[in-house]
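Student: kindly generate the corresponding structure for this input.
(one chain, ligands or ions: 2)
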Amino acid sequence: MTASAARRCLTIVLAAGEGTRMRSDLPKVLHRAAGRSLLGHVLATARDAGSEALAVVVGPGREDVAAEAAKLAPEARVFVQEERRGTAHAVLAAREVLAEGYDDVLIVYGDTPLVRAETLKRLRAPLARGAGVAVLGFEAQDPTGYGRLISEGPNLVAIREEKDATDEERAIRLSNGGLMSLAGARALDLLDRIGDQNAKREFYLTDVVEVAVLSGLAVAVEAAPEAEVQGVNTRAQLATVEAAFQNRLRAAALENGATLIAPETVFFSHDTALGRDVTVEPNVVFGPGVTVEDGAVIHAFSHLEGAHVGRGVSVGPFARLRPGATLGAGARVGNFVEVKNAEVEEGAKLNHLTYVGDARVGARANLGAGTITCNYDGVSKFRTDIGADAFIGSNTALIAPVTIGDGAYVGTGSVVTEDVPADALAIARAHQITKPGRAARLRAAQKAKKAAKAKG
Ligand code: UD1
Ligand code: MG
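Tutor: Ligands and ions are numbered 1, 2, ... in the order given. Model (predicted):
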């Protein structure tokens, strides 16, 4: 066990920002990237970094943010920062939990979702070696707007916000990523000594560095890549963050043994799970909650969400799997087929132009082109159960609730309203009427009528 694993860690997520520049009715931290809210990413990363307690600081009236925290991390405690008076003031909104005496306190931002768990672990490490504060620093391409790390010799002595910095200090490129760790035993004492004597009249968390130095505590800097501290303030930055997540997820899929023919055209969710030797063709989108087992092929232009794809299954091209779709081994779901809340058992075939919703399709059953489960009467949803080895002829409407027995055969073009027993043949369509010579006579009559009209 490493020293930091034995230490009890609290993570405080600051999420009381207003997010004005998003121009959105949705709070910034509830915007999504890779199928999960920004807050959700940060909470998951904090847990992965070994944090056993979580606190989220939200703005007044932000029940929606509190609800998201409760959904994704029921153990998280939510604190309201009544007035927005700076980052240190925000941390102190969680005073109650800070007073509980954790060994490590991590402070992260709800709008900075790309930070990796390994980086947060590194940020905790100096505390185990006795530091009072550790700061996540990075070499900014363009440091404008960031706090600058001011050092004396090898020691960090202060963080200066852009607005309060001298020209000389502004020339420093080593910047504050914003994320920090504090020695839990000292955190409240240090934070309570921060004042608001600065350009913005705010309580700056960054001043904790000077306060710690004055107390004779060691202050450490851990370096991070700039990409990890990328915050989201605008929709453009949200798109940048999405792209960064997608690149990570594509790289991970390739690393884990999937073939992506054109990785840059495949979009994953944070939780997409692909088995070995899965092939994903171009232009496929994975919404949240998809698992794909070994050897399956997802053909081009398919959209999957909340679905399980079994071993060796073929999906698409142009297929849509919606939540609750589960495909057994070797099943085939072809072009223009939609499956929702349905178990498609092993070897079943839904090859073309079909809708299967609220249903079971038994093993090896074959649904002809244009088979539709009519699951909704405008008020309620009903189930369709199709037995193993059943054969449904093309362009058949199955009016749920309805059961097709094992091995049954339904004639093409049927509208099935009653159950079909196992091994029965059901035909539910009008009888064909054929009238010999009638088409020719009809055509002659039509032509004569047209000629008479042209004459007079
Ligand atoms: C902060 C740092 C700066 C660093 C930068 C990195 C301070 C004083 N400055 O500046 O050194 O380079 O982050 O991005 O800490 N928040 C609250 N309540 C508040 C104020 C902020 O919850 O009263 C939250 C925001 O929602 C956000 C985070 O704290 O998630 C940072 O606040 P922000 O206003 O973005 O700080 P910066 O000015 O960017
Ligand atoms: Mg910011």
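Student: residues in contact with residue 177?
Tutor: With contact set as C-beta atoms under 8 Å, 6 or more residues apart in numbering, residue 177 has these partners: 112, 115, 135-138, 224, 228-229. C-beta: built from backbone N, CA, C; applies to glycine.
Student: now, of the residues you listed, which are buried?
Tutor: Among the contacts of residue 177, the ones that count as buried by 16 or more other C-beta atoms under 10 Å are 112, 115, 135-138, 224, 228-229.
Student: so of those residues, which ones are in strands?
Tutor: Judged by DSSP state E, the subset of these located in strands is 135-138.
Student: and which of these is nearest to residue 73?
Tutor: residue 136 (21.8 Å; C-beta to C-beta).
Student: any idea which helix or strand carries the residue nearest to the closest one when sequence neighbours are not counted?
Tutor: Using C-beta to C-beta, 6 or more residues apart in numbering and skipping residues adjacent in sequence, the residue nearest residue 136 is residue 177, 3.8 Å away. Take DSSP states H and E as the rule and residue 177 turns out to sit in strand 174-183.
Student: got the buried residues for stretch 193-212?
Tutor: 194, 198, 202-212.
Student: could I get the contacts of residue 177 as TSV with distance to ligand 1 and pLDDT?
Tutor: TSV is the format used below for the contacts of residue 177 (distance: C-beta to the nearest ligand atom, whole Å; pLDDT from 0 to 100):
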residue	distance to ligand 1	pLDDT
112	7	98
115	11	98
135	9	98
136	9	98
137	9	97
138	9	97
224	11	97
228	11	97
229	6	97
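Student: these into a markdown table, with extra columns for distance to residue 123?
Tutor: A markdown table is the format used below for the contacts of residue 177 (distance: C-beta to C-beta, whole Å):
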| residue | distance to residue 123 |
| --- | --- |
| 112 | 13 |
| 115 | 9 |
| 135 | 8 |
| 136 | 6 |
| 137 | 10 |
| 138 | 12 |
| 224 | 8 |
| 228 | 11 |
| 229 | 11 |
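Student: what's the spacing between residue 201 and residue 94?
Tutor: Distance of residue 201 to residue 94, given as C-beta to C-beta, to the nearest Å: 22 Å.
Student: and the helix or strand that contains residue 242, which residues are buried?
Tutor: Counting by DSSP H and E, the element that carries residue 242 is helix 235-255. Residues 238, 240-242, 244-246, 248-250, 253 are the ones in helix 235-255 that count as buried (16+ other C-beta under 10 Å).
Student: possible to save those as a markdown table with pLDDT and distance to ligand 1?
Tutor: A markdown table is the format used below for these (pLDDT from 0 to 100; distance: C-beta to the nearest ligand atom, whole Å):
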| residue | pLDDT | distance to ligand 1 |
| --- | --- | --- |
| 238 | 98 | 14 |
| 240 | 97 | 14 |
| 241 | 98 | 13 |
| 242 | 98 | 18 |
| 244 | 98 | 16 |
| 245 | 98 | 18 |
| 246 | 98 | 22 |
| 248 | 98 | 20 |
| 249 | 98 | 24 |
| 250 | 98 | 27 |
| 253 | 98 | 30 |
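Student: could you list the residues of the stretch 1-150 of the chain in contact with ligand 1?
Tutor: Proximity of the stretch 1-150 of the chain to ligand 1, by C-beta under 6 Å from any ligand atom, involves residues 14-17, 57, 81, 84-87, 89-90, 109-111, 146-147.
Student: list the contacts of residue 301.
Tutor: Applying C-beta under 8 Å, 6+ apart, the residues near residue 301 are 282-284, 316-318.
Student: burial measure for the closest residue to residue 322 other than its chain neighbours, as a count.
Tutor: Counting by C-beta to C-beta, 6+ apart, residue 340 is the residue found nearest to residue 322 once chain neighbours are left out, at 3.8 Å. Residue 340 has 21 neighbouring residues, counting by other C-beta atoms under 10 Å.
Student: quick check, pLDDT for residue 340.
Tutor: Residue 340 is assigned 98 on the pLDDT scale.
Student: that one: helix or strand, and which one exactly?
Tutor: strand 332-344.
Student: pLDDT on the helix or strand following that strand, on average?
Tutor: Going down the chain from strand 332-344, the next helix or strand is strand 349-361, by DSSP H and E. Average pLDDT, strand 349-361: 98.
Student: what comes into contact with strand 349-361?
Tutor: Contacts to strand 349-361, defined as C-beta under 8 Å, 6+ apart, come from residues 322, 331-345, 348, 364-367, 369-373, 375-376, 381-386, 400.
Student: so what's the gap between it and the chain middle?
Tutor: Distance, stretch centre to chain centre, for strand 349-361: 26 Å (C-alpha atoms, centre = their mean, to the nearest Å).
Student: by contact count, what packs against the helix or strand following that strand?
Tutor: On the C-terminal side of strand 349-361, the nearest following helix or strand under DSSP H and E is strand 366-367. Judged by 3 or more C-beta pairs under 8 Å, 6 or more residues apart in numbering; DSSP states H and E, the packing partners of strand 366-367 are strand 349-361, strand 391-392.
Student: return the most buried member of those.
Tutor: Looking across the helices and strands packed on strand 366-367 with neighbours counted as mean count of other C-beta atoms under 10 Å, the highest average goes to strand 391-392: a mean of 24.
Student: in its sheet, what does it sit against?
Tutor: strand 366-367 (parallel), strand 409-410 (parallel) (DSSP bridges).
Student: would you mark the buried spots in the helix or strand following that strand?
Tutor: As assigned by DSSP H and E, the chain's next helix or strand after strand 391-392 is strand 397-399. Neighbour-count burial for strand 397-399 flags 397-399 (criterion: 16+ other C-beta under 10 Å).
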